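Asker: just to be clear, the model below is a prediction. Sequence and coordinates:
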Amino acid sequence: MDDKGFIFTVDAALALIVVIVLTATITAYTLLPYYQGEDHQHLEALADSILETMEQSGQLRTDAVYYSSGDASLIAKANADLNSTLGTLVPSGIAYRITMTSGNSYVVQNTTGNRNLLSSNDIATKVKVISGPQEGWVGRAYYKIEQVQFEDQTDNAVTTLWNFHNWLQNFNPWNNGLDDYKYWGSGSSAKNIAFYVPSNGTINGAKFLIGCSDDVSKNPSPYGANFILNGNQVNHNILSSNFGNYIYSGSSRYMYNYMGNITSSELYSGTNNFYVKFTADSTNKLPWFSIIGNYTTSMQVPIGITTSKFLFPDIAGVGKPKGSTSVQYDLNTGVITYPAGRTISWNDIKNQNSKDIDTSTPFTLTDIPSDTSTGSAVASVSTVYLPPGTRLFDAFTVINPYGGVDRAIVQVKNSYGWQTIFTSFGSYTDRNDGGYGNLPGIINIAPYLTAGSNTVRVIIWDDVSNSDYDLVGLTNCYSKITYSQLPIRWDTFAFTSHQYSSVTTQSQNFNIDTEAQEALLFVGAGLDTRSIKVTVKSQSSSTTTTLYDGPVPYYLNLGDLDAAQTNHIITKINANGSYSLIPGKYTLGVTVTPGTAYESGDFGGSGSSTPVSTNTIANPEIFSGTRISVIYPKFLSSIWVDSFASNPTDAKTIAANNLTNTLRSYGYTVDTSQIKTEAIYTGNVPNSIPVRLELWKQ
């Protein structure tokens, strides 16, 4: 009995040990930051960038000197410095706590909001150990700029104005070819398809791409086509001979591509119209059509703002698997080459620690979680450099696809590795066929960038069904970042990327604080978007005002639009006729209405069927490139610079000179009499000073 009882006891103990080990493993696994989702990774990247900025500026070392002094007034100054800087660097809606151990531990925090540190279940923590300053004197020079000066900043934008990504044969009445219905517009008669060039800009020109295809068994040749733009019947009459050689000979068809230029005089600022008339009897099929516009916009930004643009290499072609020949197509020259085919699996590049891939030639993308799982793909990358010690305000990637492109992936590699920030499939779509036609024009990349070099990778592909490998391409894609070394405040509130099954409204909360200067909405909607509607309401009121209802703009000045309304929500009209923004919490609604499915090549609805009626509406998409920016005219703290020297006089002089040079490099006229300086001995500062920053959503 005793032996038997002892054996049972051992069994129970062993089982208990297994349970404890499994529980501990699960607990440790769930607490790993990597598995806590995108929000946690964003907070980690933000915390890392904030500490890097504060260390580069010298603030962490200077405040450590103040804390180590034991002087109550200097400790209070360090607290004010950290609160002021973090109030500028940490976005609205995020709480912070920074702990600096310099002799004693000093804590500065902002825990206002609905959740504090103890009740939050998602806290990102970054620790940086800074070296103590050399023994001697730290000098600090600071300068109070009461009003930030604004200036016009121009932006040259290249965006896809319209894209048809399918085969016209998939839509009634063209499903039997183009013989009887010669107009892509209506069918048997001409009907305009509208697209929009942003009206708050200068048109530089555009180009259009038209592709055709026919079955090999029918002795194929390209059809003739007349592209009628804004009623112009002459300039773009494309003969069969203009198409040149075929791009790809598949198992059952030839494909051709033609690129034409559009002059600025042919385009209107605002709404434009076009249709295509096919001028040769043929069973040819229209596989793609794109209009890519080039225009210049201008907006007011604070002096000291730097904008950098990073280009992606153009690439186009037909991706075939390893063992078959791919096709590479040069959009500008029409030259066709045939690199070796290759295959890349989505499973190999979706993880954070995935390797870089060769993006120089087309390839077959496999293991895609969609209805086809295989794609004829191209990819392109750009390196985005964010200088250390700067404040990042805005960052986005513009994607201009063409050809038979059906879906896309966008990834960013920062100091933590690769992160997938957009896919056409999964949670980014309501469609049951894997996000068909979910093609972003503009994607917000700001939350994913860290100081130094970052890589942005864009992958697009055509769904391959029945060995139907189509041409896809990327042209004039770029990433753009806006940043500064000065403590300018610029808050960004981005929408969420999603494809909807029907017209819907997505809302985004945003804050306007005291002395805000500008409230802007940048728009990044689907390439098939016909119009958008923008509304605004105070979160403390049910009253809603429609600010805009019309074609897709590049950006909207929300203050100007609200001031022009009868019922003002975010603005107060002053006695002299100007307006000021009202501090408060608001909700902006954006409703996206797409065109009909046959105009864009989208099947529409929640799935696909062939052929599709011309009355079917395409799927609406909103992307994270749709974002609200609130810009402030005043700095929240003095501009200051520090330096070290063997005596206090030199330390203060060097700091003042460095500050003057910094401000002048940003275009400011400096009144040197307003520069204040101070110095403090650094001999009592520890050699190593740990700094711990914690961030969490309120």
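Answerer: The structure has been received and is ready for your questions. Numbering: from 1, shown residues only.
Asker: list the buried residues of stretch 421-436.
Answerer: Neighbour counts over stretch 421-436 (16 or more other CB atoms under 10 Å) mark 421-425, 428-431, 433-436 as buried. From N, CA and C alone the C-beta is placed, and that goes for glycine too.
Asker: mind putting the residues you listed into JSON lines with pLDDT, secondary structure and distance to residue 279?
Answerer: Below are these laid out as JSON lines (pLDDT from 0 to 100; DSSP: H, G, I helix; E, B strand; the rest coil; distance: CB to CB, whole Å):
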{"residue": "421", "pLDDT": "95", "secondary structure": "strand", "distance to residue 279": "44"}
{"residue": "422", "pLDDT": "96", "secondary structure": "strand", "distance to residue 279": "40"}
{"residue": "423", "pLDDT": "96", "secondary structure": "strand", "distance to residue 279": "40"}
{"residue": "424", "pLDDT": "95", "secondary structure": "coil", "distance to residue 279": "35"}
{"residue": "425", "pLDDT": "94", "secondary structure": "coil", "distance to residue 279": "39"}
{"residue": "428", "pLDDT": "95", "secondary structure": "helix", "distance to residue 279": "40"}
{"residue": "429", "pLDDT": "94", "secondary structure": "strand", "distance to residue 279": "38"}
{"residue": "430", "pLDDT": "93", "secondary structure": "coil", "distance to residue 279": "40"}
{"residue": "431", "pLDDT": "89", "secondary structure": "coil", "distance to residue 279": "36"}
{"residue": "433", "pLDDT": "83", "secondary structure": "coil", "distance to residue 279": "34"}
{"residue": "434", "pLDDT": "84", "secondary structure": "coil", "distance to residue 279": "37"}
{"residue": "435", "pLDDT": "89", "secondary structure": "coil", "distance to residue 279": "36"}
{"residue": "436", "pLDDT": "90", "secondary structure": "coil", "distance to residue 279": "31"}
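Asker: out of the residues you listed, who's nearest residue 187?
Answerer: Nearest to residue 187, judged by CB to CB, of the buried residues of stretch 421-436 is residue 436 at 23.3 Å.
Asker: looks like the closest one contacts residue 603 (just checking).
Answerer: Yes. Contact status for residue 436 versus residue 603: in contact at 6.2 Å, counting by CB atoms under 8 Å.
Asker: now residue 181, nearest residue through space, not along the chain?
Answerer: Distances taken as CB to CB, 6 or more residues apart in numbering put residue 187 closest to residue 181, at 4.0 Å, once the chain neighbours are dropped.
Asker: neighbours of residue 56, just the number please.
Answerer: Residue 56: 15 surrounding residues under other CB atoms under 10 Å.
Asker: likewise for residue 316?
Answerer: So residue 316, with other CB under 10 Å, has 24 neighbours.
Asker: quick check: next helix or strand after the host helix or strand of it?
Answerer: In the assignment (DSSP states H and E), residue 316 maps to strand 315-318. The helix or strand immediately downstream of strand 315-318 is strand 327-329, counting by DSSP H and E.
Asker: so what secondary structure elements neighbour that next one?
Answerer: strand 315-318, strand 336-337 (3 or more CB pairs under 8 Å, 6 or more residues apart in numbering; DSSP states H and E).
Asker: do that again at 10 Å, thanks
Answerer: strand 248-249, strand 253-262, strand 315-318, strand 336-337, strand 374-386 (3 or more CB pairs under 10 Å, 6 or more residues apart in numbering; DSSP states H and E).
Asker: residue 225: which of those is closest?
Answerer: Closest to residue 225 of the helices and strands packed on strand 327-329 is strand 253-262 (CB to CB; 8.2 Å).
Asker: low-scoring stretches of the stretch 401-550 of the chain, by residue?
Answerer: Within the stretch 401-550 of the chain, the segments meeting pLDDT under 70 span 466.
Asker: all strands for it, in order.
Answerer: For the stretch 401-550 of the chain, the strands defined by DSSP state E, counting those that start in this stretch cover 401-403, 407-414, 417-423, 442-444, 452-463, 472-474, 478-484, 490-494, 498-499, 505-512, 518-522, 529-538, 544-550.
Asker: what residues does the shortest one touch?
Answerer: Put plainly, it is strand 498-499. Strand 498-499 is contacted from outside by 424-425, 427-431, 435-440, 504, 506, 526, 602, 619-624, using CB atoms under 10 Å, 6 or more residues apart in numbering.
Asker: strands of the stretch 151-300 of the chain, residue ranges please.
Answerer: Assigned by DSSP E, counting those that start in this stretch, the strands in the stretch 151-300 of the chain fall at 183-184, 193-197, 201-215, 225-229, 237-238, 248-249, 253-262, 270-278, 285-302.
Asker: picking up where we left off before, of the buried residues of stretch 421-436, just say which sits nearest to residue 285.
Answerer: Checking the buried residues of stretch 421-436 against residue 285 by CB to CB gives residue 436 as the nearest, at 18.3 Å.
Asker: how close does the closest one sit to residue 607?
Answerer: Distance, residue 436 to residue 607, using CB to CB, to the nearest Å: 8 Å.
Asker: so of the strands of the stretch 401-550 of the chain, which one's packed in deepest?
Answerer: Greatest average neighbour count among those goes to strand 401-403 (a mean of 29), per mean count of other CB atoms under 10 Å.
Asker: strands paired with it, and their directions?
Answerer: Take DSSP bridges as the rule and strand 401-403 pairs in its sheet with strand 472-474 (antiparallel).
Asker: name the residues that touch the strand it pairs with?
Answerer: For strand 472-474, contacts defined as CB under 10 Å, 6+ apart pick out 165, 209, 257, 288, 290, 312-319, 329-331, 359, 362, 375-380, 399-408, 458-462.
Asker: thinking again about what came up before, among the strands of the stretch 401-550 of the chain, which is nearest residue 132?
Answerer: For the strands of the stretch 401-550 of the chain, distance to residue 132 was read as CB to CB. The smallest value, 24.6 Å, belongs to strand 452-463.
Asker: what's the angle from the closest one to strand 374-386?
Answerer: Strand 452-463 runs at 160 degrees relative to strand 374-386, counting by axes from the mean of the first three to the mean of the last three CA atoms, to 10 degrees.
Asker: residues touching residue 624, list them.
Answerer: The contact partners of residue 624, by CB under 10 Å, 6+ apart, come to 396-397, 410, 421-422, 440, 442-447, 494-498, 524.
Asker: show me what contacts the residue positioned nearest the centre of the chain?
Answerer: The centre of the chain sits closest to residue 444, judged by CA atoms, centre = their mean, with a distance of 1.7 Å. For residue 444, the contact set (CB under 10 Å, 6+ apart) comprises 394-397, 421-422, 492, 494-497, 522, 524, 623-627.
Asker: now residue 152, nearest residue through space, not along the chain?
Answerer: Leaving aside its sequence neighbours, residue 152 sits nearest to residue 298 (CB to CB, 6+ apart; 5.1 Å).
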